[in-house]
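*Asks:* let's see this in three dimensions:
(one chain, ligands or ions: 1)
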Amino acid sequence: MERFDAAVIGGGLLGCFAARELSRRKLDIALLEAREDVCTGISRANTAVVYPGYDHEPGTLKAEMTVRANAAFDRLCKELDVPFSRCGSLMLSFGPRADAVLRNKLQNGEANGVPGLRLLDAERVYAMEPGLAPGLRHALFSPTAGTVNPWQLGIAACENAVHNGVQLRLNTKVEALHRDAEGYLLETDRGSIRTRAVINCAGLAAHWVQELLFPPSVRIVPTAGDYLVLDKNSVGKPTHILEYEPEEKVKGLTVVPTVEGSLLLGPFERDNTLDYATTEGGLFWVREQASRLLPGLDLDGTIRSFAAVRPNPEQMDGRSIHSFCIEHPAERFWSLIGIKTPGLTCARELGQYVAAALARELHAEENKAFDPIRRAIPKAHVLSFDERRKLAAAEADYGEIICCCEDVTRAEVLEAIRRGACTVDGVKRRVGTGMGCCQGARCEQKIAALLSEALRMPESAVTKDGKGTERIYNGAC
Ligand SMILES: Cc1cc2nc3c(=O)[nH]c(=O)nc-3n(C[C@H](O)[C@H](O)[C@H](O)COP(=O)(O)OP(=O)(O)OC[C@H]3O[C@@H](n4cnc5c(N)ncnc54)[C@H](O)[C@@H]3O)c2cc1C
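*Replies:* Numbering: from 1, shown residues only. Sure, this is the predicted structure:
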């Protein structure tokens, strides 16, 4: 039976960062993920905003952590070699109710120490975003808001954790938990694991994982959300993140110019459902809101729709939990349950929080060899023509383009597979294949063939959701 000092359950953003932060200590750590790859759950589908921290009540852990996390984001992304765009955000008001909301957020933000927040008049806003609809009254400008690709960040954190000694176990679902004097026994669908400590980051299943051993204390009420993605060449794209605050007391549209250059629009929220299928009504609402807010936006440039599911934590009596739900039901057992927005922004800080708490309980020493640096897969398309020609001459795989929309070479795809991708989707999440206007129509078969050959698996296993794959990646990077 394998033995560890600490086991992290769930390889989403939170689990990957918790494992990375734990690896700053001298501990034997396992990261257990039920699926064939990391970051396939909530961390794969969300709004991708790095929030500045004006949304939360002053004095709360959420407010304090968000502001701190936001300030540290450039450095984090530099360490992990992940693109981050600090494009700033504009929260838009077209009426008196929204004006009051903006003033309230400004007050909150100032109390929380959000830098650079300003309430702008319409003239100033139109100068920044000329495509906005007429009738605007004010906007709350937050220069520190930004956007990052969530799965790229999570995969980078995971690669760095593995580089620092974390043992990643994929296709390993924790099904039962036991506790004794030694610590915890985890029964997985691949056998049992002994560990002195547990961090439970199982996303939508985190409450269920905790209940394998402890009485129910939190319940999750899911909300699904429908999104649209517009091609990077679409006309009329804004350059800032836009958050529309409507006059009616309903959630407005968020518009995000992503680091890849596409435009993300959404979500239309649907209560009480775990359904990942988008709805016609939801997508219609997103389109309608977008064309009202940005009349010149070319919605014909839509290349994708998707749905995401938000885990809303509640007390057992139905009262909502607004703070981060960090549970500590027993010594050396920590759970992050129902961490929704701003979980992406605070993923590293939440990981730090639980890792530090656990390290104290385990009396763990510092790992002086910890290396925070991870390098991304080199991208041929950012090179000059000459640099590219030289690279292709030295390594022929850099001369063969696999994804023509995003200009991704065979060498990059093979490196993604070497680093752990075992499905077409896993390659996409590492090197951006299939993210362009054809959405993989021209490259999917080529990538499936490369995966099938490299992993010696049938193409049917690598093109679907990876359920057929048996790879237990343990860090080739
Ligand atoms: C619609 C939406 C929009 C959002 N927008 C933003 C935003 O703009 N900015 C922001 O800061 N935050 C945002 N968030 C929050 C952020 O996306 C999440 O907090 C973040 O992705 C963390 O996810 P996670 O690691 O908890 O869950 P996941 O990514 O779902 O990871 C949990 C993992 O646990 C695994 N697992 C489950 N059960 C088991 C088991 N028994 N054994 C082993 N593994 C298991 C799952 O397979 C999964 O991979 C948003 C969230 C949603 C839903």
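*Asks:* show me what counts as buried in stretch 123-135.
*Replies:* Val125, Glu129, Gly131, Leu132 (16 or more other CB atoms under 10 Å). All C-beta spots, glycine's among them, are computed from the backbone N, C-alpha and C.
*Asks:* contacts only, for whatever residue of the stretch 151-300 of the chain ends up closest to the ligand.
*Replies:* Residue of the stretch 151-300 of the chain nearest the ligand, by CB to the nearest ligand atom: Gly203 (2.7 Å). Neighbouring residues of Gly203 by CB atoms under 8 Å, 6 or more residues apart in numbering: Gly10, Gly12, Leu14, Gly41, Ile42, Ser43, Pro311.
*Asks:* now do the helices in the stretch 301-450 of the chain.
*Replies:* All helices of the stretch 301-450 of the chain, identified by DSSP state H, counting those that start in this stretch, fall at 347-362, 385-394, 410-418, 424-431, 444-455.
*Asks:* just want the angle from the shortest one to helix 410-418.
*Replies:* Here helix 424-431 points in a direction 110 degrees away from that of helix 410-418 (axes from the mean of the first three to the mean of the last three CA atoms, to 10 degrees).
*Asks:* equivalent analysis for the first one, please.
*Replies:* Between helix 347-362 and helix 410-418, the angle formed by their directions is 30 degrees, by the same axes, to 10 degrees.
*Asks:* what are the buried residues along helix 347-362?
*Replies:* 347-355, 357-359, 362.
*Asks:* ok, these vs Glu64, which is closest?
*Replies:* Nearest to Glu64 out of the buried residues of helix 347-362 is Glu349 (CB to CB; 9.2 Å).
*Asks:* quick one: the closest one from the ligand, how far?
*Replies:* 11 Å (CB to the nearest ligand atom, to the nearest Å).
*Asks:* quick check: that residue touching Ala71?
*Replies:* No. If you go by CB atoms under 8 Å, Glu349 and Ala71 don't touch, sitting 10.6 Å apart.
*Asks:* which residue is nearest the middle of this protein?
*Replies:* The centroid of the chain falls nearest to Pro150 when counting by CA atoms, centre = their mean (2.9 Å).
*Asks:* per-residue confidence for that one?
*Replies:* Predicted confidence (pLDDT) for Pro150: 97.
*Asks:* from Leu22, how far out is Gly338?
*Replies:* Using CB to CB, to the nearest Å, we find Gly338 at a distance of 22 Å from Leu22.
*Asks:* and the stretch 201-350 of the chain, which of its residues are near the ligand?
*Replies:* When proximity is defined as CB under 6 Å from any ligand atom, the stretch 201-350 of the chain approaches the ligand at 201-205, 209, 225, 267, 308-310, 339-345.
*Asks:* can you pull out the strands in the stretch 101-250 of the chain?
*Replies:* Taking DSSP state E, counting those that start in this stretch as the test, the strands found in the stretch 101-250 of the chain are 118-121, 138-142, 146-148, 167-169, 174-180, 183-188, 191-200, 218-230, 241-245.
*Asks:* actually the stretch 251-400 of the chain, not the one I typed
*Replies:* For the stretch 251-400 of the chain, the strands defined by DSSP E, counting those that start in this stretch cover 254-257, 263-271, 302-315, 325-330, 333-337.
*Asks:* in contact with the nearest residue to Lys379 once chain neighbours are set aside, which residues?
*Replies:* Nearest residue to Lys379 in three dimensions, chain neighbours excluded: Glu412, at 6.8 Å (CB to CB, 6 or more residues apart in numbering). With contact taken as CB under 8 Å, 6+ apart, Glu412 is in contact with Ile377, Pro378, Lys379, Ala380, Ile402, Val431.
*Asks:* can you do 10 Å?
*Replies:* With contact taken as CB atoms under 10 Å, 6 or more residues apart in numbering, Glu412 is in contact with 377-381, 397-398, 401-403, 406, 427, 430-433.
*Asks:* again, but for Ile193
*Replies:* Neighbour list for Ile193: 1-4, 7, 30, 32, 167, 169, 172, 174, 184-187 [criterion: CB under 10 Å, 6+ apart].
*Asks:* cool, and Glu123?
*Replies:* Leu136.
*Asks:* also Gly399?
*Replies:* Contacts of Gly399 by CB under 10 Å, 6+ apart are Ala380, Arg388, Arg389, Leu391, Ala392, Ala393, Thr409, Arg410, Ala411.
*Asks:* chain center to stretch 137-148: distance?
*Replies:* For stretch 137-148, the distance from its own C-alpha centre to the chain's C-alpha centre is 20 Å (CA atoms, centre = their mean, to the nearest Å).
*Asks:* endpoints of that stretch, how far apart?
*Replies:* End-to-end distance of stretch 137-148 (CA to CA, to the nearest Å): 29 Å.
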